[in-house]
Structure formats: structure tokens, C-alpha cells
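> Provided below are the primary sequence and the corresponding predicted coordinates.
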Amino acid sequence: MRALLLVIIPLVGAALAAFWPGNRTRPWLLPAVGLVHAGLTFWLFLDPPRVGPADWFGFDPLARAVLPAVSLLFLVCAAYGVSYLQVRSERPNRVFVALLLTVLSLLSAGHQARHLGLLWIATEAVTLAAVPLLHFNGTPRAFEATWKYLLVGGTGIALSLLGSFCLGYSSLHGGGGGDLTFVALMSQGAGLSRPWVLTAWVLLLVGYGTKMGLAPMHTWKPDAYGEAPGLVGAILAGGVTTVAFTAILRVRAVIGAAGAGAIADRSLLVIGLFSMAVAALFLLGTRDFKRMLAYSSVEHMGILSIGAALGGAGMWAALFHVWTNSLTKGALFLSAANIRRAAGSPSLDAVRGMSVLTPRSSALFVTGLFAVTACPPFGPFFSELKVLRAALAAGHGVATAIFLGCLLLAFFGLTRVVFAVVDGRPRRAARVNSQRFVETLGVIAPPLVLLGLSLALGVFTPPLLQDAWSAAVAQLRPAP
Amino acid sequence: MNASLNLLIGLAMGLNLLALGSSRLPSLIRAMSLQGVVLGVMPLLLEQGADWRVGLVALATVVGKGVVIPSLLRRAMRAAHIDREMEPFIGFVPSLLLGAAGTIAAVALARALPLLPEHQGLLLVPGSIASVLTGFILLIGRAKAISQVCGYLILENGIYLFGLLLIHSTPLLVESGILLDLTVGVFVIGIIVDRIQRAFDSLDTRKLTVLRE
């Protein structure tokens, strides 16, 4: 019941937002619902409910290992949202607030879905609910980005539906009764029809990989993240991609039980390395600091995919990385949004010297850069180190070398853009524009809190959290 | 039973080719909506003792794909004053050839996949793959947003065809959820098409080229 409340409460909040009369007071619903959601999530985290094997829905170990990170990220972004929507008070925010809360509800549903069909419905619905958030700014560029997001994302989600059907048919063909819960599929194991299992894996990897933003299906990401408001980007990069990643993990567990785990791991490793390489190369070329964040996100999705391919230790590291990446990326998105608002443009051609105009946001942006490029003692350093150790332990020497090379290139690319934004003398247009933007506590504290959480996770990873990740790995890779 | 179902699937595959070869948007929309109606009737043939719930799904499909969505697209088309696909990325004859090759490949590919005894001799799998490929060709090869939407819908029709294999085993809850999601998806697409029309004063996606590296 408590698990279901995680879905219902934000939905009630969304309905409330849809009928709330005041444009100025409505944004406060965001942190209010976020706070209740986070509180409930942490209660569930500390005292997990019993989940029956046949349950379609529940706060199972995998949800316990990942959902608190999403809830935390949403809460901080919601707090930022209040200040952001006050700055943008000229735009009506009814749809924005209602749909942001709907996204939270659907994310909670997707993370807790233990049924192939239910998982698909939640992922598709979250894709659609995010559409009006992307074009909140209402510019032609925003509509262009939304169109590409819809076409690429829609196709990906359609392919994952086809993959789900194939997996269902593999169960039917193997003599199953058509029970599409992941537990039932895993217990059928080698009884699943192999040609159909492999077809399903390809389609589901491409489908959910599109949602996650793995290369070469990442093309919607730079456009969408570049044009969406910063907090939407943070939630997409930290929450929506996470639900797609857990979907891939759940499907991978079924494929593993069917005896095709080695093939699945190899494909995850290759697509992960390819994503990192593509992201690193584009990071060296991009001239837009919001699109830069998108490529950085593609890179980190690659790291997650590589981690998932490296057995139990790698999967544990990937779950760790979900946390560190969500929180650190959130800090970067929010501080970049401040800079973008002050500068009036996201392009390097028009923006420089922002450390003069927005000193606090610039400091956060630079610190976030070092955190996300895995400088100790921030969280991503430790999670990437774990992935690296898992890769070496599994004997993937070449893959490790490519992994490190891509990290280095990404470091060059990110520092190039970030310091071009921060250093130098500000342009006159940015000077004039930035006078309308004040670095209040409301826009500085949220990214600061996220960076602090990223640091805390790196310095001291709570044993309870580590146990949660181990339990999730045990769920996904049961001992034979 | 199987013969009449196969006839309908064959008809749907023929409509794929019609959609690929038509340069006028109304005929593309007509092919797409006719295919939706053909698909909507299929569950009734597949199900022996026609259940009321299956009837409901069939009715929703026929009304949604055959009436609501086409009329939405026609309205967008009139608002934008276009009725013809000019200069597609992939020409009409090459599209048709690709579609024909795709249909042959679909039949060959479907042979590699094992089927349950009750599905032997049905064209559902090749029909599904052929429609998905047709959808892809339209998505990639057409420049007008409305044509791309039609491509997306034909792709979805292909997935629906495959879903018919599972109609006995999946709970209705899942099916109706999927149907609902798809309908909402098309509405969202429709709204965005409308906004693009207003923002760019055109539905030509070649004008959507600001965002690139």
C-alpha cells in the first residue's frame, strides 16, 4: 500500500496543481509533494515492505536501490523550481507543475513495475508527460527539439513494446501460461524459446536504450536537454534515464536466466563503450554548454551500461553510479541553468566571463565539472573506480583502456567548454541581461545541496545503501 | 478462419505499399486509416467465441485508428494548406522498391522464428515486420510532419499485428493500458504538429534544422 502511495500522492498533487487558482503560489506544490514523496521513500527504504513473487508492483530490492536517489533529486529540483517559476512568472505554469508531478508519479511506477507490460506503460507515459515540459519556453527551437524527442523517443518506445511482445511470445512458445511478471519469466529460465529471447533482447535494448540515450540512439538528447529548462533536464537526466536503465537491468535478468547472459553482457559492453566514445568526440566539438551536459549524460549512460555488463561487482558499481551521476548531473544542470538565464544564450559564441557576472553559479558549475569528470573525493570518482576494478577483474583489458581513454577525452571536452564560459571578459549583451538575474538563495542552494550529497556519497557511502545495492544485485543475478 | 485472417493481413501489407507509393497526403492518410480498420477487425476473427471485452478493444481500435486519428491529421493538413508531399528524402519509386524488398525480407525472417502450432500458417509475423519496416521508411524518407506521423502509425500497426499473437494470454488491463498510451501519444503528436505549424508557419521538417552540431 505504501508503495502504491508513492504513485498516488504525486498524482493527487498533479490534479491539485491543475485546479490551483494562483500562478504565484502553485509552484509551492512541487516541494510540498516532493517532501512527502521523499519522506515516504526513505521510510520504505529503512523498512522495506514484503513483496510477493507474483506481485505486479512493489518496492522490491531494485526499486529500493534506485528510487530514493530519484526522489531526492526531484525534491531538490522542486525546491529550485519555486525560484525558477518566480523568475519566469510571466508564463503560466499550470501545465508545467501538474506534469512535473505526473512525471514523478510515473517514475515511481516505472521503478516499481515488476511486470513487463506495466513497465512499458509507465515508461511510455513518462515519455509523453515530459513533452510539454520540454517546450515550456515556447520558442521555435524548443518545438524543434520536442519534435525530434517525440519521433526518436516514440520510435524507441514502440520498439521496446515489440520487444516486450517477443519476450512474451518466447514464454508462450516455451509452454508458459503468459504470465509476464519478471519473476515468472526468470523462473521459466531455459524454457523460454531461444530465438525469440534473442530477438526480444535486441529490440528491448534498442528501445529502452533510446530512452536511456545510449549511442547511436542518443540523437534526441542534445536537442531536448539543450532547449528544456534546467530543472527538467536534471530530472530527465537523473530520473527518466534511470527508469530506462532499471528496465534494461530487469530484462537482462530474464535474458540471463534464459541462458543468454553472455550475449547480453557483450552487447551491453559494446554499446556502452560506443556511447562513451561518441560522447567524448562530440564533447570535443560542441559549442553549447547545455548540449555539452547532454553529451556528458550520454557518456555516463555508457558507463552504466558497461557496469551492467561486468557481472555482479560491475552491476553493484553501476547502481552506485546511478546515485552519484543523478546527483552530480543535477547540480550541473541547475548551475548551468542559472548561467544560461543570466547570459541569455547557451552558446560559447555569446557567453564568456560568467565568473564576473554570476560568481556563485560559476563556482558551482566548475566544481560540478570536476565532480562529474571523476575527480576525488566526489562520488563519481568512487563509482567509476568500482566499474574500472570490475572490468579489470573480469579481464577486459582492451575495454578498460578504451574506457579510460574516453574519460580523458571527455575531461578535455568538458573543461574546454566550462572554462570558456567562466573565464574572460563578459560581453556587453550578457552584462545587460544579467542585471535582471539575481543569484538568490533559492537558485544557489539546490545545486549546492546536490554537490554536497555527491561529495558525501563519495567520502562516506552509507553501509545501509551498500547493502541495498547488494540486495538488488542478488535479485538481478540470483545464485544458480 | 485462417484463410480470411491471412486475406486481411495480405490486404494490410498491400496498404503498406500503397502508403509508400502515394505522393498525395489524403491518400496516404486514407491508406493508413484503412489499415487501422482492417487491423481492428482482426481480433474478432482470431477469437472463437467473441468475448465482449475483445469486441470493445476491436471497436476502440476501429474508431481510434479509422476515424479519430485520420480526422485529426486531415484537420492539421487543411490548417497548413498542404496536400502533397514534395521532394521527399527518399523518392516514391525507391520507397516502393525498398518496401517490396522489406516485405520479402520479412517473410524470409519470419521463417527463422518458431511459432506455436495454432499460429502456423498465419501471416501475422511477416505482416508485422513488413509494416514496421514500412513505418521506418516513411519516418526517415518523408519531409512533411504529417507523413512522418503516418509512418509512425503504420509502425504501430505492425506492432499491433504482432500483439495479436498474444491476445489470448495477456490480461486485458495491459492491453487497454497500451491502447490508451498509444492514443494519448497520437494526441500529443497532434498538438505538437499544430504548434510547429504556428511557430514555423510550415509543416516541413526540413525547416527544423537550427539544432545541430
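On my side now, so go ahead. Residues are numbered from 1 along each chain as shown, chains lettered A, B, ... in the order given.

> looking at chain A, which helix or strand is least sure?
helix A:428-434 (a mean of 81; mean pLDDT, DSSP states H and E).

> for that helix, buried residues please.
A:430, A:433-434 (16 or more other C-beta atoms under 10 Å in any protein chain shown). Just so you know, the C-beta spots here come from the backbone N, C-alpha and C atoms, and that holds for glycine as well.

> what number of residues lie near residue A:471?
By the criterion of other C-beta atoms under 10 Å in any protein chain shown, residue A:471 has 16 neighbours.

> how near is it to residue A:51?
According to C-beta to C-beta, to the nearest Å, residue A:471 stands 12 Å off from residue A:51.

> so the residue in the stretch 51-200 of chain A that chain B sits nearest to: helix, strand or coil?
Closest contact between the stretch 51-200 of chain A and chain B, by C-beta to the nearest C-beta, is at residue A:178 (2.6 Å). Following DSSP: H, G, I helix; E, B strand; the rest coil, we place residue A:178 in the coil state.

> that older thread, just the buried residues of helix A:428-434 now: which is nearest residue B:178?
residue A:433 (46.5 Å; C-beta to C-beta).

> helices or strands up against whichever helix or strand comes after the least confident helix or strand of chain A?
Where DSSP states H and E defines the elements, the next helix or strand beyond helix A:428-434 is helix A:441-459. Here helix A:441-459 touches helix A:61-87, helix A:311-343, helix A:359-372, helix A:379-393, going by 3 or more C-beta pairs under 8 Å, 6 or more residues apart in numbering or on different chains; DSSP states H and E.

> out of those, which is the most enclosed?
For the helices and strands packed on helix A:441-459, the largest average neighbour count (mean count of other C-beta atoms under 10 Å in any protein chain shown) is found in helix A:311-343, namely a mean of 26.

> picking up where we left off before, how about the residue of the stretch 51-200 of chain A closest to chain B: what's its closest non-neighbour residue?
residue B:169 (2.6 Å; C-beta to C-beta, 6 or more residues apart in numbering or on different chains).

> that neighbour reaches residue A:175, doesn't it?
No: using C-beta atoms under 8 Å, residue B:169 is not in contact with residue A:175, being 11.8 Å away.

> tell me which of the two has more neighbours.
Taking neighbours as other C-beta under 10 Å, residue B:169 and residue A:175 compare with residue B:169 leading, 15 against 11.

> now the more buried one: how far from residue A:200?
15 Å.

> what residue lies at the spatial centre of the chain?
Chain wasn't specified; assuming chain A. Nearest to the geometric centre of chain A sits residue A:238, at 2.8 Å (C-alpha atoms, centre = their mean).

> um, chain B though
Closest-to-mean residue, chain B, C-alpha atoms, centre = their mean: residue B:154 / 1.6 Å.

> got the contact list for that one?
With contact set as C-beta atoms under 8 Å, 6 or more residues apart in numbering or on different chains, residue B:154 has these partners: B:16, B:19, B:32, B:35, B:131, B:134-135, B:138.

> identify, from the residues you listed, the entry nearest to chain A.
Nearest to chain A among these, with distances taken as C-beta to the nearest C-beta, is residue B:135, at 8.2 Å.

> helix, strand or coil for that closest one?
Put simply, residue B:135 is helix when judged by three-state DSSP.

> return the backbone torsion pair for the closest residue to it other than its chain neighbours.
Among residues not flanking residue B:135 along the chain, residue B:155 sits closest, at 2.6 Å (C-beta to C-beta, 6+ apart). Torsion angles at residue B:155 (phi, psi; degrees, to the nearest 10) stand at phi -60, psi -40.

> hang on, residue B:155 packs against residue A:155?
Yes: proximity of residue B:155 to residue A:155 meets the contact threshold set by C-beta under 8 Å, at 7.0 Å.

> shared neighbours of the two, anything?
Joint contacts of residue B:155 and residue A:155 (C-beta under 8 Å, 6+ apart) are B:136, B:139.

> low-scoring stretches of chain A, by residue?
Chain A contains residues with pLDDT under 70 at A:480.

> and residue A:113, what are its bridge partners?
Under the criterion DSSP bridges, residue A:113 forms beta bridges with residue A:57.

> report the secondary structure state of the residue of chain B found nearest chain A.
Of all residues in chain B, residue B:169 sits closest to chain A, at 2.6 Å by C-beta to the nearest C-beta. Following three-state DSSP, residue B:169 is assigned to coil.

> now do the contacts for it.
Residue B:169 neighbours (C-beta under 8 Å, 6+ apart): A:168, A:172, A:177-178.

> give me the pLDDT for residue B:181.
Looking at residue B:181, its pLDDT stands at 67.

> one more: residue B:27?
Residue B:27 is assigned 91 on the pLDDT scale.

> for it, which non-adjacent residue is closest in space?
residue B:18 (7.5 Å).

> next, count neighbours for the one you found.
So residue B:18, with other C-beta under 10 Å, has 17 neighbours.

> so residue A:29 sits right up against residue A:19, yeah?
No: using C-beta under 8 Å, residue A:29 makes no contact with residue A:19, being 10.9 Å away.
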